[in-house]
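Visitor: give me a model of this one.
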Amino acid sequence: MRVLKYIPVLGLIFLFGCGGGALSVEEMLEHAGISNIPPAEEYEEYGAVILYEDTHTQFQLDGNWEIYRTQKYHIAFVYYNDKAEDLLTQSIYLDGDRTLSNFMARTIRPDGTVQELTEDDLIRTQLKEEFVEFSDDESVKFTFSGVSPGSIIELSYEITIFDSFNYSDVWYVQQSVPKLYTKYAVQIPTIFIRNKINWNYNTMNFELARPQVLEDIVNKTSRKDDNKTYFWELRNIEPFEYEPNRPPYDDAAKYVVLGIQRESWNVLSESYWKRIGHNFDPEKNPGVKELAKSIVGDETDETEIIRKLYNYTQKNFRYVAINIDESGYYPNSPNEIVTKKYGDCKDMSVLNVVLLKSLGLDARPVLVKTKGAGKVYPHIREFQFNHMIARVVTSDEKIYYLDAVGSSCPIDELYSSVEGTTALILNEDGTSTFTELPKSKSRDNKLARSTVIKVSPDGSITGHTKMVLTGNENLSFRSSLKDATKSDMEDVIESYVNANTADVEVFNITYDDPSEIKNDITVEFDFKNSNYAMKSNNLLMINPFIFQIDSDLDRYRDEDRIYPIMFYAPHETFDEIKIEFSGDELEFASMDKSLVRKYEFGKVSCYSRQDSDNSVNFERRVVREVTKIYPEEYQTYREYLKNINQTNRMNLALNAK
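Guide: Residues are numbered from 1 along each chain as shown. This next block holds a predicted model:
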């Protein structure tokens, strides 16, 4: 689902400019406030530095007083090394009725020679995003060639955007490399100000002074062409640094959202509901009630009715993201969806809501912004959503959220990509209500393993493990097997088991049917290793944890942290291990001490005890209760990871008699 906008896809016009907007190197340096190109060692860790960036957005009124906007973009940066290699291949995203014009791109090499891109260097590509199978979105892709360290890359272009619903723009202050100079100007029709139309800007994750007025243009022949231009200039902007599991750009980077906002969220949702509301009305969609009755049969329990209808859409309809014409923004009708047997998140939500409503249940669509795209900011009254799910409330006020884009989620769970997010419920009268989706706890997302290991005097082991995955562990595992054949399924499961075991041969794998919709899944298997224990004279050293928990300590080797560490959901891993051996041949010698460490965000514990003359038990529990580790907790979190590693290395010593 696109970020919702009211724009028809009418085609694309491409105009190749003459490149008259190019700057001299001296002008670039002057804007950057320096006299010479910076030496490579100053920006070696980033691979590039932006000398100059200028964005000019102009909101205008056409002959019918409809709003459209034109954006001019100009950038010049110095390329130093392959850490900035991604900057050498650019894509300009084109959707809806957009006109790309006055395009200029060139490379200025250190020896002063210039290589300009021509129209033949531009490649139109179909936009392919994750899960997108049908789309008429396009991008223009191009690569700067002949680039050597110290080259200056310059790019400028203009895009005109006709969008009758979304009037906002974003100034991306921070990027992946440092900026020495950046300017943003926005031109607003004066009539917006006179009529108190809610033009505004919101600074995100930093403070910004009020804009300066660049010019005030009065048109004597047409009041609608009067305008004012406001602008900001900033220097020496630090980059949005890469860190493992950093927050999304929207939640951590510096940027500004500008545009004409609605008076309220109800004004915005009412406009959207006028276009889609009829699809959620059973009375306007013949045949829906009969279909719902055929699915639930004689069932009268509301929760079971919800489960049956939800499972029907999960099992009988394939999720396909569709971005063709208006379908990127508006759902299809229930009858179309039933006929085609596939649909995107909006279509699945339509089907769930209309089936539930046809049987008298209180069901409504809900707009969501997935975690990977960042948080919803209610004070910015523009569509910020990229996903839709359904909400249903029973007569005894139980609330269920239904996300049918996957085929394995039970009615009482949510995928980690949306749980705990701020969402917007669309009401039948077109008004809307914000809510927070339910959050899971660590115990809800659990990997539990129960293992018996039999040790022989020669150091070989045999054993059996029962593994139960719940919550997001279960959903992720079932999702990986969704489209696999039986033979492929066994290979995937064997690979999963082997990836989590320490040097043992796995066989006799059994598992639950992954196509079922349940809250957990069980996998069992046998294993062996003919030379597992370390031997020294009569002593056998055995690591009881054939399952090694990856602590990710290597990913967090840096001593300091700028941004929080983000996770999609809390998590728990629990291992219960019983070591058995023949008391006639082996005897207990020693074992490592128990380990217990508690933190504000979680826990690491490992207990051991000798149950009898021929068995020893180990229990390990690793818990992370939170989805965010703040920078001030970073060193404590690294200690937590080190303790996980320590449990991986615990040993039991047995003496051969």
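Visitor: paired strands for the helix or strand harbouring Leu155, with orientation please.
Guide: Assigned by DSSP states H and E, Leu155 falls within strand 152-162. Strand 152-162 sits in its sheet next to strand 67-79 (antiparallel), strand 97-108 (antiparallel), going by DSSP bridges.
Visitor: relative to the whole chain's centre, how far out is stretch 600-612?
Guide: On the basis of C-alpha atoms, centre = their mean, to the nearest Å, stretch 600-612 sits 34 Å off its chain's mean C-alpha point.
Visitor: identify each buried residue in it, please.
Guide: Neighbour counts over stretch 600-612 (16 or more other C-beta atoms under 10 Å) mark Phe601, Gly602, Lys603, Val604, Ser605, Cys606, Ser608 as buried. C-beta: built from backbone N, CA, C; applies to glycine.
Visitor: give me the contacts around stretch 348-360.
Guide: 279-282, 285, 288-289, 291-293, 295-296, 305-306, 309-310, 312-313, 317, 319, 331-334, 337-338, 343, 363-366, 388-390, 392, 402-405 (C-beta atoms under 8 Å, 6 or more residues apart in numbering).
Visitor: narrow these to those that are buried.
Guide: 279-280, 282, 285, 288-289, 291-292, 295-296, 305-306, 309-310, 312-313, 317, 319, 331-334, 337-338, 343, 363-366, 388-390, 392, 402-405.
Visitor: most centrally placed residue in this structure?
Guide: Closest to where the C-alpha atoms of the chain average out (C-alpha atoms, centre = their mean) is Gly372, at 2.2 Å.
Visitor: which stretch in the strands paired with strand 152-162 has the least confidence?
Guide: Among the strands paired with strand 152-162, strand 97-108 has the lowest mean pLDDT, at a mean of 87.
Visitor: mind listing what the helix or strand just after it pairs with, with the direction of each?
Guide: Using DSSP H and E, the helix or strand that follows strand 97-108 in sequence is strand 114-116. Neighbouring strands of strand 114-116 in its sheet, by DSSP bridges, are strand 97-108 (antiparallel).
Visitor: pull out the buried positions in the strand it pairs with.
Guide: Neighbour-count burial for strand 97-108 [16+ other C-beta under 10 Å]: Asp97, Arg98, Thr99, Leu100, Asn102, Phe103, Met104, Ala105, Arg106, Thr107, Ile108.
Visitor: check stretch 422-440 too.
Guide: Within stretch 422-440, the residues that count as buried by 16+ other C-beta under 10 Å are Ala423, Leu424, Leu426, Gly430, Ser432, Leu437, Ser440.
Visitor: buried residues, stretch 437-451. List them.
Guide: Going by neighbour count (16+ other C-beta under 10 Å), the buried part of stretch 437-451 is Leu437, Ser440, Ser442, Asp444, Asn445, Lys446, Leu447, Ala448, Arg449, Thr451.
Visitor: among the buried residues of strand 97-108, which one sits closest to Arg621?
Guide: Distance to Arg621 across the buried residues of strand 97-108 (C-beta to C-beta) is lowest for Arg98, with 53.8 Å.
Visitor: show me where pLDDT drops low in the stretch 1-150 of the chain?
Guide: Filtered on pLDDT under 70, the stretch 1-150 of the chain yields the residue ranges 1-20, 95-97, 126-138.
Visitor: which stretches of it form strands?
Guide: Along the stretch 1-150 of the chain, counting by DSSP state E, counting those that start in this stretch, strands occupy 12-14, 48-61, 67-79, 89-94, 97-108, 114-116, 123-126, 132-135, 138-143.
Visitor: what angle sits between the fifth one and strand 89-94?
Guide: I take that to be strand 97-108. Between strand 97-108 and strand 89-94, the angle comes out at 160 degrees (axes from the mean of the first three to the mean of the last three C-alpha atoms, to 10 degrees).
Visitor: next, count neighbours for Asn529.
Guide: 18 (other C-beta atoms under 10 Å).
Visitor: wait, I meant Arg210
Guide: The tally of other residues near Arg210 (other C-beta under 10 Å) stands at 8.
Visitor: quick one: it is in a strand?
Guide: No - counting by DSSP: H, G, I helix; E, B strand; the rest coil, Arg210 is not part of a strand but coil.
Visitor: can you tell me which of the strands of the stretch 1-150 of the chain comes nearest to Tyr201?
Guide: Ranking the strands of the stretch 1-150 of the chain by proximity to Tyr201 (C-beta to C-beta) places strand 48-61 first, at 11.0 Å.
Visitor: which other helices and strands contact that closest one?
Guide: Here strand 48-61 touches helix 25-32, strand 67-79, strand 179-189, strand 255-260, going by 3 or more C-beta pairs under 8 Å, 6 or more residues apart in numbering; DSSP states H and E.
Visitor: now with 6 Å?
Guide: Other elements packing on strand 48-61 under the criterion 3 or more C-beta pairs under 6 Å, 6 or more residues apart in numbering; DSSP states H and E are helix 25-32, strand 67-79, strand 179-189.
Visitor: list the buried residues of the shortest one.
Guide: Right, the one you point to is helix 25-32. Quick answer for helix 25-32 (16+ other C-beta under 10 Å): Met28, Leu29, His31, Ala32.
Visitor: how about stretch 109-117?
Guide: Within stretch 109-117, the residues that count as buried by 16+ other C-beta under 10 Å are Leu117.
Visitor: what do you get for stretch 156-172?
Guide: Neighbour-count burial for stretch 156-172 flags 156-163, 165-171 (criterion: 16+ other C-beta under 10 Å).
Visitor: widest-spaced pair of these?
Guide: Among the buried residues of stretch 156-172, the pair separated by the greatest distance (C-beta to C-beta) is Ser156 and Phe165, at 28.0 Å.
Visitor: residue ranges with poor pLDDT in this structure?
Guide: 1-20, 95-97, 126-138, 163-166, 192-198, 215-225, 321-329.
Visitor: which residues of it fall in helices?
Guide: Here the chain has its helices, by DSSP state H, at 25-32, 190-194, 249-252, 265-276, 288-296, 302-316, 334-340, 345-358, 472-480, 486-499, 634-648.
Visitor: Val177 is nearest to which of those?
Guide: Ranking the helices of the chain by their distance to Val177 (criterion: C-beta to C-beta) puts helix 25-32 first, at 13.3 Å.
Visitor: which strands and helices sit next to that closest one?
Guide: Using 3+ C-beta pairs under 6 Å, 6+ apart, helix 25-32 is in contact with strand 48-61, strand 179-189.
Visitor: sorry, back to before: of all the buried residues of stretch 422-440, which two lie farthest apart?
Guide: Gly430 and Ser440 (32.0 Å).
Visitor: returning to what we had before: now the strands of the stretch 1-150 of the chain in JSON lines, with distance to Arg638?
Guide: Below are those laid out as JSON lines (distance: least, C-beta to C-beta, whole Å):
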{"stretch": "strand 12-14", "distance to Arg638": "50"}
{"stretch": "strand 48-61", "distance to Arg638": "30"}
{"stretch": "strand 67-79", "distance to Arg638": "34"}
{"stretch": "strand 89-94", "distance to Arg638": "35"}
{"stretch": "strand 97-108", "distance to Arg638": "42"}
{"stretch": "strand 114-116", "distance to Arg638": "47"}
{"stretch": "strand 123-126", "distance to Arg638": "42"}
{"stretch": "strand 132-135", "distance to Arg638": "38"}
{"stretch": "strand 138-143", "distance to Arg638": "39"}
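Visitor: out of those strands, the one nearest Asp558 is which?
Guide: That would be strand 48-61 among those, by C-beta to C-beta, at 21.3 Å.
Visitor: list the neighbouring strands of that closest one plus their orientation.
Guide: Partners of strand 48-61 in the sheet, by DSSP bridges, are strand 67-79 (antiparallel), strand 179-189 (parallel).
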